[in-house]
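>>> here you go, sequence then predicted model.
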Amino acid sequence: MRETTANKKSLLKVIGPGLLFASTAIGTSHLVLSTRAGAQHGMIYLWIILGALVLKYPFFEFGPRYATATGNSLLKGYKDQGKWVLVLFMLIISMNMFAVTGAIAAVSAGLLATMFGITGLTVPLLAGVIIGISVLLLLLGGYKGLDGLIKGISVILLLTVCTAFIAVLIKGKAAPHVDATSTALLKGAGLNLLISLLGWMPSGMEASTMSSIWTIEKAKATNYNPSLKESLFDFNLGYIFALILALMFMTIGAYTVYGTGTVLDGNATAFSNKLLTVFVSTIGEWSYYIIAIAALGTIYGTLITVLDAFPRCLVRGVRILRFGQIEQNKIQNQFLDKLYKVILIVLGIGSFCLFYFSAASMLQLLQFVTILSFIYSPFIAFINLRAVQHSSVPESHKPSMPLLVTAYIGLASLVLFSVYYLSTLM
């Protein structure tokens, strides 16, 4: 009995990084892309989403595996492959982080404006307010505050999305419109949606690095070093959570929109209005706040986690390049803390400015960052694979042969899809 109680307590100490990973994933890839995929192509995306989640699983799993095995984030694994690998990864993060944060903040602002009928502020200014509040929360709360906030959001999210999903199944599929046509899957707008979803399903590949960092931060916050089994339990819990919600959002889109002739597009406010209107008209007026809370919780959870994750990645990369050997000493920790706060503030201001002064709509900005994420994902997948097979990883913590085989198949698939997509642009 005492052993069972001890096991439960140790699991409670471990759970957290997996939910942060899930929160990063369960945002635009789920609410926007999965819903639009189901709305435009129906249930065929069930197999596409499952395929993406299976083939990309090893590369995300390598994050907590490497962190538990070595006590370092994947950034150290990149540095061990050559300083240029780490520098290139940091350049990728630096180029993408403002657009990613700006796009997610735009969706959050659009939903908030739609839910509460906010007309006094434009969507870009409202996005700035949301970013500002989120930056302040992270500056005051740090990892512990983020960990607690995401656990609360996850519970609310699961309850509201499940309620909406069950209501949609009970209601049944919307009646098809006679003149409705389906978008081609492998060309034009259909191909862009496919590549966007594959790029961020369940998340951008850089989330694997963030996951390794959160694993270390959790261990530091709880003063408990988890076993590999415990770390993977936490990660798999988050991954399954992301998988289930992706399929739920896709099904909701397929059941409420597919075949009706409705197109989910437009700027942040227009998209949010269409999304909530379609769901409520299909399920019933009683579902408005359930759907709205689920949508806002989905997006905001992603926004605050990426705001935390990008600065942590960059700061730890700079730390490794500057100090070489990672040590838990006062000078390094002060350096880490100060630089994190500076980059967090710069990210908040930069992402707001990009969205505010950009002529692109929210969906155009989102499509750009997700396609870019897909194109560079084979590189991150490859360096993750090399990192986890490095001599610094004990044999007992290296991936099994089935996991490695899945990884090689996944890597080949990412490369082939990237080449195919780039060839269509030419």
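That came through fine.

>>> and the host helix or strand of residue 63, which residues are buried?
Using DSSP states H and E, the element containing residue 63 is helix 45-70. Applying a neighbour-count criterion of 16 or more other Cβ atoms under 10 Å, one finds 45-46, 48-49, 52-53, 55-70 buried in helix 45-70. Any C-beta I mention is one placed from the backbone N, CA and C, and that applies to glycine too.

>>> select the longest helix from the protein.
In terms of residue count, the longest helix belonging to the chain (DSSP state H) is helix 123-171.

>>> helices or strands up against it?
Secondary-structure packing of helix 123-171 (3 or more Cβ pairs under 8 Å, 6 or more residues apart in numbering; DSSP states H and E): helix 17-25, helix 83-116, helix 207-222, helix 228-256, helix 268-283, helix 288-323, helix 330-357.

>>> now the ones you listed as CSV including mean neighbour count and mean pLDDT?
As requested, these are exported to CSV (neighbours: other Cβ atoms under 10 Å; pLDDT from 0 to 100):
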stretch, mean neighbour count, mean pLDDT
helix 17-25, 29, 75
helix 83-116, 22, 87
helix 207-222, 24, 86
helix 228-256, 22, 88
helix 268-283, 21, 68
helix 288-323, 23, 82
helix 330-357, 16, 87
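
>>> possible to save the ones you listed as JSON lines with distance to residue 392?
Compiled in JSON lines, the helices and strands packed on helix 123-171 are given as follows (distance: least, Cβ to Cβ, whole Å):
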{"stretch": "helix 17-25", "distance to residue 392": "21"}
{"stretch": "helix 83-116", "distance to residue 392": "15"}
{"stretch": "helix 207-222", "distance to residue 392": "13"}
{"stretch": "helix 228-256", "distance to residue 392": "15"}
{"stretch": "helix 268-283", "distance to residue 392": "45"}
{"stretch": "helix 288-323", "distance to residue 392": "13"}
{"stretch": "helix 330-357", "distance to residue 392": "20"}
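
>>> to residue 158, which of the ones you listed lies closest?
Closest of the helices and strands packed on helix 123-171 to residue 158 is helix 228-256, at 7.4 Å (criterion: Cβ to Cβ).

>>> and the closest one, what does it pack against?
Helix 228-256 packs on helix 2-14, helix 17-25, helix 35-41, helix 45-70, helix 123-171, helix 268-283, going by 3+ Cβ pairs under 8 Å, 6+ apart.

>>> tilt between the fourth one and helix 17-25?
When axes from the mean of the first three to the mean of the last three Cα atoms, to 10 degrees is applied, the directions of helix 45-70 and helix 17-25 differ by 140 degrees.

>>> what mean pLDDT does helix 45-70 have?
For helix 45-70, the mean pLDDT works out to 93.

>>> elements contacting it?
Using 3+ Cβ pairs under 8 Å, 6+ apart as the contact criterion, the elements in contact with helix 45-70 are helix 17-25, helix 35-41, helix 74-79, helix 188-199, helix 207-222, helix 228-256, helix 362-388, helix 401-425.

>>> please redo it, this time with the cut-off set to 7 Å
In this structure, helix 45-70 packs against helix 74-79, helix 207-222, helix 228-256, helix 362-388, helix 401-425, with contacts taken as 3 or more Cβ pairs under 7 Å, 6 or more residues apart in numbering; DSSP states H and E.

>>> next, format these as TSV and append distance to residue 309.
Conversion of the helices and strands packed on helix 45-70 to TSV gives the following (distance: least, Cβ to Cβ, whole Å):
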stretch	distance to residue 309
helix 74-79	12
helix 207-222	4
helix 228-256	14
helix 362-388	14
helix 401-425	21
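
>>> among the ones you listed, which is nearest residue 115?
helix 362-388 (16.2 Å).

>>> buried residues of the closest one, list them for me.
So helix 362-388, judged by 16+ other Cβ under 10 Å, has buried residues 362-363, 365-385, 387-388.
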